[in-house]
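A.B. asks: based on what follows, work out the 3D shape:
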Amino acid sequence: MKTIKYFVIMALAAVALTGCGKKENKDAILTPETTQVRGALKEYFTVVEKQYTVKYNEQNFGSKYMISIELQRTDVPFAFDTKGVEPVGHFGASVRGNFGIGIDIMDADGNIAISWSPTAAGLSGVYSSEDLENLFTLESGETGRVRWTTDEFEKYENKNFTFKVSSCLSVKECSAKDFVDNQDGEAYWIGTIDGKYAVHMSLWWSGSDLFGAYYYDKTANGIQNHLKLTGEGSGNHIIMAEQNNKGSVSGYFDGNINGNVYQGAFIRTKDGKRMPFSLNYVSCENDGSFVAPVELEDEFASTPSLDYDEVPASSSAGSEDWDEILDEYERYVNQYVKVLKKAENGDVTAMTEMAEMMEQCNELSEKIETAKGELSTAQAARFSKIVMKAAGQMQ
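C.D. replies: Predicted structure coming up:
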């Protein structure tokens, strides 16, 4: 009995001695080679200078090492609007840019041992995209972390490493010119009507159709009711019909976009009063102070098509000469489109008709040169409509 007891005690002692033996230290030590962040975000962040211990954790379900590097926000203001700029791998209608953070880890000989590209996303990128999102919320002097996971450190006996942090940034800039030229997206404007009525205006394309809404900043009852807009554009010229809450056309914005300014005349339907308007382009992103397209989606689905020939004339109405010329011009354009399509289909009679139309073109040119007065707003709008209609039919 004593013998059995002796062997049990010795076995327990052996286990205790084994457990008290020195364990292999698998932790890695990272030291920044430089505090500068390479790449597009170098002005806005620096690496916090200190020694980083990367703990080995065999209990982790996935990778055994979690790297966590601290970045500090500098006092340099962002040269771009961070709204809509998301971590790499994020996509969607509201995303207008992406950014990322990467890291190169070098061994004792200066060779890259482990590396993550700043453009990598998902399992190939940072541990959590929230780490990146938080960076853009930091104030000057505040710090945030960026993390990666790996098992690669186990390959190295010498677990002392240096590292460098890199970054990338891609932002889609938007402008009024892009909005007009591409006939795509949204545009938000702030300005005045008649130099004294402050307004917020939203415009957006839906296919080839132009829609919008605006409201007066100050109203008699303090309620900011939005007014729907439907319109059309030809080059920089945009004309928008205003509809009141009864669905009636109560006015027109008729103007041109030059640079980042949309300006022209607002014509009130009830009396033809003409008031100048000037709106400055703000952004292609809604900051919440504008009417959003989605808010009016159902309303615009039932919006009747508008006749822009009904744009009221300004106080300096166009001459009757121009009405007659526009009538003739519209007939000429309609006939020209028909003849052109006949020619495309191989109809030989189209050549004879085309020659006749050249004579008509010369006559029409003479009438235009000798016409009296200037085109009214309504006449100019009608001219634009004829041109756009013809261009659409000839495509």
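
A.B. asks: how near is the closest residue to residue 204 other than its chain neighbours to residue 280?
C.D. replies: Excluding the flanking residues, the one nearest residue 204 by Cβ to Cβ, 6 or more residues apart in numbering is residue 186, at 4.2 Å. In this view, the C-beta of every residue, glycine as well, is placed from N, C-alpha and C. To residue 280, residue 186 is 16 Å away according to Cβ to Cβ, to the nearest Å.

A.B. asks: likewise for residue 64?
C.D. replies: Going from residue 64 to residue 280 by Cβ to Cβ gives 56 Å.

A.B. asks: looking at those two, which one has more neighbours?
C.D. replies: residue 64 (19 against 14; other Cβ atoms under 10 Å).

A.B. asks: so that one makes contact with residue 152?
C.D. replies: No - using Cβ atoms under 8 Å, residue 64 makes no contact with residue 152, being 9.9 Å away.

A.B. asks: what do the two both touch?
C.D. replies: Common contact partners of residue 64 and residue 152 (Cβ atoms under 8 Å, 6 or more residues apart in numbering): none.

A.B. asks: how distant is stretch 170-182 from the center of its chain?
C.D. replies: Relative to its parent chain, stretch 170-182 has a centroid offset of 8 Å by Cα atoms, centre = their mean, to the nearest Å.

A.B. asks: first-to-last residue distance for it?
C.D. replies: Using Cα to Cα, to the nearest Å, one end of stretch 170-182 lies 20 Å from the other.

A.B. asks: any buried residues in that stretch, and which?
C.D. replies: Buried residues in stretch 170-182, defined by neighbour count with 16 or more other Cβ atoms under 10 Å: 171, 174, 176, 179-180.

A.B. asks: also stretch 92-102?
C.D. replies: So stretch 92-102, judged by 16+ other Cβ under 10 Å, has buried residues 96-102.

A.B. asks: out of those, which sit inside strands?
C.D. replies: Those of the buried residues of stretch 92-102 mapping onto strands are 97-102, per DSSP state E.

A.B. asks: from the residues you listed, which has minimum pLDDT?
C.D. replies: When it comes to pLDDT, residue 97 is the least confident member of those, at 87.

A.B. asks: just give the nearest non-adjacent residue to it, would you?
C.D. replies: Nearest in space to residue 97, with sequence neighbours left out and distances taken as Cβ to Cβ, 6+ apart, is residue 171 at 3.5 Å.

A.B. asks: can you show me the helices along the stretch 101-250 of the chain?
C.D. replies: All helices of the stretch 101-250 of the chain, identified by DSSP state H, counting those that start in this stretch, fall at 129-135, 176-182.

A.B. asks: going by distance to residue 250, which of the ones in strands among the buried residues of stretch 92-102 wins?
C.D. replies: residue 97 (39.0 Å; Cβ to Cβ).

A.B. asks: just checking, the closest one touches residue 84?
C.D. replies: Yes - the criterion here is Cβ under 8 Å, and residue 97 meets it with residue 84 at 6.5 Å.

A.B. asks: sorry, back to before: quick check, the residue nearest to residue 97 in contact with residue 83.
C.D. replies: No - Residue 171 is beyond contact range of residue 83, at 10.6 Å (criterion: Cβ under 8 Å).

A.B. asks: doesn't residue 277 belong to a strand?
C.D. replies: Yes - counting by DSSP: H, G, I helix; E, B strand; the rest coil, residue 277 is located in a strand.

A.B. asks: residue boundaries of the helices in the stretch 251-395 of the chain?
C.D. replies: Ranges of helices within the stretch 251-395 of the chain are 297-301, 320-344, 349-370, 377-393, based on DSSP H, counting those that start in this stretch.
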